[in-house]
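> Return a 3D structure for these sequence lines:
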Amino acid sequence: MFEAFLNLFRRLFFFTGYFSNGSYPQPLSPEEEQQCLERMKSGSRAARDKLITHNMRLVAHIAKKYGKGNELDDLISIGSIGLIKGVESYSTEKGTTLATYLARCIENEILMTLRSNKRYQNTVYLNSTLGVDNDGNEYTLMDVLAVKEDSVFHQAETAILKQNLLKIINERLNPREQKIILMRYGLEEGSTPMTQLETAKKLGISRSYISRIESRALEKIKQYLD
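You can find the predicted model right below:
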């Protein structure tokens with residue numbers, strides 16, 4: 001249930017521009033992306049520029065993991081360099097999707113800058129090199145965790161969305177609405193989603209009352225995002 005709720009919340013973020021800068025174009029469809037890649041391979045600069053422009057949301061998303069305010073603007077600019085490098089060096093022979101490859105290029109560019117800054121030198125990131133295996137290949141924290149790249153970025157996105165959702169809940173809902181939404185969708189740390197009946201029994205009120213309060217709370221969230 002929590003994943004379904006986050007999917008709804010994720011769509012609302014993108015449509016309202018709350019999560020991504022509203023000035024960024026929507027991502028290309030798989031068909032459009034493939035067409036651009038083929039045209040770029042034939043030397044089309046317009047296709048290259050289109051791929052860059054329509055992946056700027058990815059830059060903003062990754063940059064938000066590492067900074068905010070004025071620092072965020074700088075990180076988006078730095079990430080854009082990684083995006084350009086990624087678009088220009090990508091090929092289907094890389095064995096991964098364009099988005100996953102670009103995400104790594106963007107993050108690498110940002111991390112190179114952060115690591116040159118003393119305040120970040122002791123920070124460990126998912127693609128930080130931890131050592132060398134028996135075959136002489138470097139391995140990273142991401143490898144140790146045995147998580148696919150796209151799963152890593154999905155987890156990062158989910159964490160950001162959950163943080164933003166909890167902020168809205170705390171700011172826009174009254175205490176009873178907050179409690180019911182947190183219980184219904186398992187948003188508190190270590191909790192699991194509860195049915196309306198389970199929530200009603202826990203709070204000692206009727207299921208129909210839970211339903212009314214939940215509907216009102218969700219409407220408040222939607223109105224805030226519109």
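> Name the residues that touch whatever helix or strand residue 80 lives in?
Element membership for residue 80 (DSSP states H and E) is helix 70-89. Helix 70-89 is contacted by residues 40, 48, 51-52, 55-56, 58-60, 62-64, 66-67, 101-102, 104-110, 113 when judged by C-beta atoms under 8 Å, 6 or more residues apart in numbering. Where C-beta positions appear, they are placed from N, C-alpha and C, glycine not excepted.
> Weed out the non-buried ones from these.
Among the contacts of helix 70-89, the ones that count as buried by 16 or more other C-beta atoms under 10 Å are 40, 48, 51-52, 55-56, 58-60, 62-64, 66-67, 101-102, 104-107, 109-110, 113.
> Could you check the helix holding residue 80 and say which residues are buried?
75-76, 78-84, 86-87.
> got it, and stretch 27-39?
Per 16+ other C-beta under 10 Å, stretch 27-39 contains these buried residues: 27-28, 33, 36-37, 39.
> before we move on, what about stretch 207-214?
By 16+ other C-beta under 10 Å, the buried positions in stretch 207-214 come out as 210, 213-214.
> Using PDB, write down the CA coordinates of that stretch.
Output of stretch 207-214 as PDB, limited to C-alpha atoms (Å, rounded to 0.1, in the frame of the first residue of the first chain):
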ATOM      1  CA  ARG A 207     -14.200   2.600  10.500                       C
ATOM      2  CA  SER A 208     -16.500   5.000   8.700                       C
ATOM      3  CA  TYR A 209     -15.100   7.900  10.800                       C
ATOM      4  CA  ILE A 210     -11.600   6.700   9.800                       C
ATOM      5  CA  SER A 211     -12.600   6.700   6.200                       C
ATOM      6  CA  ARG A 212     -14.000  10.300   6.300                       C
ATOM      7  CA  ILE A 213     -10.900  11.600   8.100                       C
ATOM      8  CA  GLU A 214      -8.600   9.800   5.600                       C
END
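> What separation do you get for residue 73 and residue 67?
9 Å (C-beta to C-beta, to the nearest Å).
> number of nearby residues for residue 221?
Residue crowding around residue 221 was assessed by other C-beta atoms under 10 Å; the count is 19.
> number of nearby residues for residue 171?
So residue 171, with other C-beta under 10 Å, has 9 neighbours.
> now do the one 4 residues further on
By other C-beta under 10 Å, 8 other residues sit near residue 175.
> any chance you could map the strands in this protein?
Using DSSP state E, the strands assigned to the chain run over residues 129-132, 138-140.
> Can you show me the helices along the chain?
Using DSSP state H, the helices of the chain run over 2-16, 30-41, 45-53, 56-63, 70-89, 98-115, 141-145, 149-172, 175-185, 196-203, 207-225.
> Throw these into JSON lines and include mean pLDDT, thanks.
Formatted as JSON lines, the helices of the chain follow (pLDDT from 0 to 100):
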{"stretch": "helix 2-16", "mean pLDDT": "52"}
{"stretch": "helix 30-41", "mean pLDDT": "92"}
{"stretch": "helix 45-53", "mean pLDDT": "89"}
{"stretch": "helix 56-63", "mean pLDDT": "87"}
{"stretch": "helix 70-89", "mean pLDDT": "85"}
{"stretch": "helix 98-115", "mean pLDDT": "87"}
{"stretch": "helix 141-145", "mean pLDDT": "47"}
{"stretch": "helix 149-172", "mean pLDDT": "69"}
{"stretch": "helix 175-185", "mean pLDDT": "91"}
{"stretch": "helix 196-203", "mean pLDDT": "92"}
{"stretch": "helix 207-225", "mean pLDDT": "85"}
